[in-house]
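K.L.:
Quick one: sequence plus predicted model below, questions after.
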Amino acid sequence: MTDYNTQTATPGYAAQPVSQKSFVANWLLALLLGNLAIDRFYLGKVGTGILKLITFGGFGLWALIDVILALTNSTRDKQGLPLNGYAANKKVAIIVTIVLYVLGAMGSAANFATQAANLNY
């Protein structure tokens, strides 16, 4: 009795059902709270959510994989449906993700350089 959205049908093809769950919400949850498995709980995947939560996002690796799956539109909800809004938001999501990871890497490198310089004194 679930009401699913449908994408606009291409002439000659049937409309494909899509989830009520938002791609943007799932992507942001995976990116910002992935280690806490909030993205898995949002999709209704409680079992894997609990496993991801008690392993702290698979020690970070599972959280990173979920971000990549979200960006490649490979993430599905509990019913196996693709998430709503991927086509309209994928470019911005990819750019923002890359910028955040690059800034994080630069911050880590700067922190390492500062700590290494402090050891020389």
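P.N.:
Arrived safely. Keep in mind the model is a prediction, meaning the values are calculated, not measured.

K.L.:
contacts, neighbours, all on C-alpha from now
P.N.:
Will do.

K.L.:
Could you list the buried residues of the helix or strand where Gly47 lies?
P.N.:
Secondary-structure assignment from DSSP states H and E places Gly47 in helix 46-54. For helix 46-54, burial by neighbour count (16 or more other CA atoms under 10 Å) applies to Gly49, Ile50, Lys52, Leu53.

K.L.:
my read: the first one touches Leu33, true?
P.N.:
Pointing back at Gly49 there. No: the pair Gly49 / Leu33 is not scored as a contact, 11.9 Å apart, by CA atoms under 8 Å.

K.L.:
Mutual contacts of the two, please.
P.N.:
Shared contacts of Gly49 and Leu33 (CA atoms under 8 Å, 6 or more residues apart in numbering): Asp39.

K.L.:
before we move on, back to that, residues making contact with the helix holding Gly47?
P.N.:
Residues outside helix 46-54 that contact it (CA under 8 Å, 6+ apart): Asn35, Leu36, Ala37, Ile38, Asp39, Arg40, Phe41, Gly58, Trp62.

K.L.:
Format the residues you listed as a markdown table; extra columns: pLDDT and neighbour count.
P.N.:
As requested, these are exported to a markdown table (pLDDT from 0 to 100; neighbours: other CA atoms under 10 Å):
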| residue | pLDDT | neighbour count |
| --- | --- | --- |
| Asn35 | 94 | 23 |
| Leu36 | 95 | 22 |
| Ala37 | 95 | 27 |
| Ile38 | 96 | 23 |
| Asp39 | 96 | 25 |
| Arg40 | 96 | 25 |
| Phe41 | 97 | 19 |
| Gly58 | 90 | 18 |
| Trp62 | 94 | 18 |
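
K.L.:
Which of these fall in strands?
P.N.:
Here DSSP state E is the test, and these give no hits in strands at all.

K.L.:
Could you pull up the mean pLDDT of the helix of greatest length in the chain?
P.N.:
Ordering each helix of the chain by length in residues (DSSP state H) puts helix 86-119 first. Taken as a whole, helix 86-119 has a mean pLDDT of 95.

K.L.:
Tell me the helices and strands packed up against that helix.
P.N.:
Where contact means 3 or more CA pairs under 8 Å, 6 or more residues apart in numbering; DSSP states H and E, helix 86-119 is packed against helix 23-33, helix 61-71.
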